[in-house]
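Undergrad: I'd like to go over a predicted model; first the sequence, then the structure.
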Amino acid sequence: MRIKAVRLENIRSHVDTRVDFRPGLNCLIGGLGAGKTSILYAIDFALFGEPLGRSYAYLLREGADRAKVTLWFTHNGSDYVIIRGLRRLGNRIVQDTGVLRLFKDGRIIAEKRTSSVAEQLARELGFDCELFREVMWVRQEKLKEILDMRPGDRQKLFDALLGLEAFERAWASLRDLEKYYKHVKETYERDPDVLAAGRLAEEHAEFVEELARISAELEELELEVDKAAKEVDETRAKLAELEEARRKYERLREEKARREASLKETERAIERFEAEVKRRQANIERLEAELKALVEEELSHRQALTLLGLESGITIEEAEEELRKAEERLRELEAEAARAERDIKEAEERLKIISTQSTCPTCLRFISEDDRRKLTAKLEKQIVKRRHDLEAAREEAKKLMGVRGTLSEAIKGLRVVEARKADLKVRLEEERNSLEQAQRELDSARMRAEMLKVDLKALEEKLVGLSEAELEAARAELEVKSRKLAELEGKLKDLRARRDIIKERLADCEKRLKLAEEKKARAERAARLVELVKLFRSAYRGVQPHLRTEVVRLAKFYIQNVLNEISGPEGSDIIVEVSQDYTPVVKVAGRERSILHLSGGERTLLALAYRIGMGHLIMQCRTGRGLELLLLDEPTESLGREDLSIDKLADAIARLRVVEQVIAVSHSEAFAERANHVIRVEKADNVSRVRTEGRA
């Protein structure tokens with residue numbers, strides 16, 4: 001796994017920060033409280049969503065209601081993006097599942113539910129939160145912690161991380177299972193059904209014998225019942241024939257009465273239909289007369305249109321168009337008369353000005369007598385002409401008003417006539433259809449009356465009498481035979497009930513016998529399982545030490561290889577052994593030395609090699625892949641610059657090739673100088689910002 005980038009939004013002192021990482025050693029450098037460790041907290045939260053404590057208060061920025069972390073990383077050849085959020089809910093801070101998404105190669109593979117995202121991520125990565133926090137993330141002051149642990153605590157921790165404690169749990173669990181199966185065996189051996197198996201076998205034989213006797217009696221009685229049932233069926237069939245004949249006779253009488261009633265009703269219907277036909281014929285004659293009168297009225301209106309110079313066959317729409325033209329012309333004449341009156345008035349006012357003041361009415365300048373006479377003559381001619389135009393317009397308007405009145409009256413009359421004609425035609429059509437329907441119904445009723453008369457004559461010929469004595473004798477015979485059948489069926493029912501009781505007792509006995517056999521088999525199975533569990537416990541007790549020996553051998557190999565790699569070109573003169581409780585034992589120049597007697601730099605290198613070597617082993621056992629990512633939080637916390645211990649640790653981590661990517665948090669500039677990729681974290685006004693200082 002390799003982290004490509006992380007984005008923090010409202011996480012601690014980060015408002016909106018994106019940090020890009022590269023392979024090799026990445027160093028987050030900055031002063032105390034600058035927000036370096038917050039980036040590691042954000043990576044942990046994005047991957048697993050579980051708080052480091054009881055709540056998420058350490059993550060959400062003070063005063064913010066929502067926060068979000070986006071993490072980009074690669075694993076096993078695929079690109080992943082995971083987005084997680086936080087939000088305030090009252091006095092609590094909870095995950096914001098609305099933004100929860102997990103992408104693989106640009107496609108969503110889980111979202112919305114924390115459980116589904118966690119399950120999918122565990123399947124993709126192969127490790128969980130515990131492995132990440134115990135193996136891949138070395139928090140502040142924790143680098144040398146494992147070296148200082150008590151051997152028993154160290155063994156318990158690594159057995160859990162390597163999965164070896166499962167053998168111990170299995171051994172303890174099997175002890176309870178052994179006790180359980182012993183108890184099961186003893187319980188079944190004392191069970192009453194198992195102890196009473198012999199007596200149950202005797203009862204079973206008695207029930208089988210009695211059931212055979214009852215079955216024989218049932219066969220004889222069933223034959224008698226079948227014979228009696230056949231006799232009852234024959235008598236019932238004979239009675240049914242007689243009763244059917246009686247019902248047929250009654251049905252014929254009822255049918256005759258219905259036909260007679262239908263004939264009377266049909267004759268009354270004929271009378272109604274004849275009256276209906278006459279009424280419809282009278283209505284048609286009246287409507288035709290009204291239609292004829294309307295045609296004559298329409299002709300009178302069209303004659304009025306003809307007198308106006310229009311064609312007699314003109315449509316109402318065309319007549320309305322002529323009316324519109326006449327009204328439009330009237331409006332034009334009114335406008336023309338108004339203009340003529342206005343022009344006459346203006347000319348008269350000009351004449352008045354000329355005659356009284358000898359000035360031009362337009363420019364108001366003085367004019368000569370000759371010009372005044374010429375202008376006066378011109379205005380008088382204009383007044384005469386406009387008065388003539390006015391009279392002509394008024395005469396034409398008077399004529400048009402007469403035409404408009406006549407035309408409007410004719411159009412109105414034609415519309416009324418047309419509407420009434422349409423209504424009369426519809427009513428006339430309805431009356432004719434009704435007349436045809438009434439005529440058809442009259443013909444049908446007459447035909448039905450003739451058919452009913454024929455049917456009545458045929459029914460009278462079919463009606464014959466029926467003997468009541470023969471019917472009563474058949475009923476009495478059926479009652480006697482039915483009583484005998486009921487007595488036989490009662491005996492049969494009692495005998496079957498007795499047989500069912502014996503069957504139930506036999507089934508119960510067989511069930512108890514079967515249960516006793518099953519309990520015997522379970523007791524024998526429990527005895528075999530007791531022996532098998534003892535064998536498994538012995539095997540688990542022997543496997544765990546063997547596996548731990550093999551794990552210790554591999555741990556020594558991994559730790560020594562890492563130590564040699566990070567020690568530099570001159571190599572290391574420290575040889576590491578690992579005991580059965582995973583305690584590292586070092587030898588220098590062939591002599592065993594206590595870890596407490598190593599120098600500070602040697603202890604730091606040993607702690608780093610031990611962490612990485614055991615991390616590789618654990619990841620190989622749990623995921624099948626080595627340790628690819630290592631997070632270090634202030635690994636130089638207790639080191640000094642004077643003895644070059646910080647420089648040595650930085651050189652060691654920079655030389656590390658067995659881990660693809662290391663992300664370290666430090667405030668040491670000496671440590672940052674050895675990094676491949678430096679990310680400087682600075683804080684101002686309670687807001688953290690980052691800038692990248694890439695190096696070769």
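TA: Ah, there it is. As the structure is a computational prediction, the values presented were derived from the model and not from experiment.
Undergrad: right, and the helix or strand after the helix-or-strand element of the chain with minimal mean pLDDT?
TA: Sorting the helices and strands of the chain by mean pLDDT, DSSP states H and E puts helix 165-189 at the bottom, at a mean of 65. The helix or strand immediately downstream of helix 165-189 is helix 192-195, counting by DSSP states H and E.
Undergrad: name the helices or strands packed onto that next one?
TA: Packing partners of helix 192-195 (3 or more Cβ pairs under 8 Å, 6 or more residues apart in numbering; DSSP states H and E): helix 468-566. Placement of C-beta: from N, CA and C, glycine included.
Undergrad: what's the longest helix in the chain?
TA: Ranked by residue count under DSSP state H, the longest helix found in the chain is helix 197-307.
Undergrad: just checking, what packs against it?
TA: helix 369-462, helix 468-566.
Undergrad: quick check: next helix or strand after the longest one?
TA: Proceeding N to C from helix 468-566, the next assigned helix or strand is strand 574-578, under DSSP H and E.
Undergrad: which residue is the nearest non-sequential neighbour of Val184?
TA: Ala526 (4.2 Å; Cβ to Cβ, 6 or more residues apart in numbering).
Undergrad: and that neighbour, how close does it get to Ser594?
TA: Remark: distance between Ala526 and Ser594 (Cβ to Cβ, to the nearest Å) = 54 Å.
Undergrad: what do you get for Ile39?
TA: 38 Å.
Undergrad: compare these two (neighbour count), which wins?
TA: Shown here are Ile39 and Ser594; by other Cβ atoms under 10 Å, Ile39 has more neighbours (26 against 8).
Undergrad: longest strand of the protein?
TA: strand 78-89 (DSSP state E).
Undergrad: ok, back up a step: could I get the helices and strands packed on helix 197-307 as TSV with mean pLDDT, distance to Leu629 and mean neighbour count?
TA: What follows is these, written out as TSV (pLDDT from 0 to 100; distance: least, Cβ to Cβ, whole Å; neighbours: other Cβ atoms under 10 Å):
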stretch	mean pLDDT	distance to Leu629	mean neighbour count
helix 369-462	83	94	14
helix 468-566	77	15	15
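Undergrad: can I get those helices in CSV with distance to Ile270?
TA: Rendered in CSV, the data for the helices and strands packed on helix 197-307 read as follows (distance: least, Cβ to Cβ, whole Å):
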stretch, distance to Ile270
helix 369-462, 5
helix 468-566, 42
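Undergrad: quick check: phi and psi on the residue positioned nearest the centre of the chain?
TA: Geometric centre of the chain, nearest residue: Lys112, 13.9 Å, by Cα atoms, centre = their mean. Phi and psi for Lys112, reported as degrees, to the nearest 10, are phi 70, psi -50.
Undergrad: the nearest residue to it once chain neighbours are set aside: what secondary structure?
TA: Excluding its sequence neighbours, the residue lying closest to Lys112 (Cβ to Cβ, 6+ apart) is Thr97, at 5.5 Å. With DSSP: H, G, I helix; E, B strand; the rest coil as the basis, Thr97 sits in coil.
Undergrad: let me see the domain layout of the chain.
TA: 2-141+594-694, 304-454 (automatic domain parsing).
Undergrad: circling back to that earlier point, got a list of what the residue nearest to the centre of the chain touches?
TA: Thr97, Gly98, Leu100 (Cβ atoms under 8 Å, 6 or more residues apart in numbering).
Undergrad: out of those, which are buried?
TA: Leu100 (16 or more other Cβ atoms under 10 Å).
Undergrad: which of the contacts of Lys112 sits closest to Val208?
TA: Of all the contacts of Lys112, Thr97 has the smallest distance to Val208: 68.4 Å, by Cβ to Cβ.
Undergrad: need the strands for the stretch 1-150 of the chain, in chain order.
TA: Ranges of strands within the stretch 1-150 of the chain are 2-11, 14-20, 24-29, 66-75, 78-89, 92-95, 101-104, 107-111, 137-138, based on DSSP state E, counting those that start in this stretch.
Undergrad: give me whichever of these is most buried.
TA: strand 24-29 (a mean of 24; mean count of other Cβ atoms under 10 Å).
Undergrad: and that one, what does it pack onto?
TA: Against strand 24-29 (3+ Cβ pairs under 8 Å, 6+ apart) you get helix 36-48, helix 645-655, strand 661-666, helix 669-673, strand 677-684.
Undergrad: and the second one, what's buried?
TA: Neighbour counts over helix 645-655 (16+ other Cβ under 10 Å) mark Ser645, Ile646, Asp647, Lys648, Leu649, Ala650, Asp651, Ala652, Ile653, Ala654 as buried.
Undergrad: before we move on, the earlier item: quick one: the longest strand of the chain to chain centroid distance?
TA: 23 Å (Cα atoms, centre = their mean, to the nearest Å).
Undergrad: what's next to that strand, contact-wise?
TA: Contacts of strand 78-89 (Cβ under 8 Å, 6+ apart): 4, 45-47, 49, 56, 59-60, 65-74, 93-96, 98-106, 117, 121, 124.
Undergrad: neighbouring strands - and their directions - for it?
TA: For strand 78-89, the paired strands and their directions (DSSP bridges) read strand 66-75 (antiparallel), strand 92-95 (antiparallel), strand 101-104 (antiparallel).
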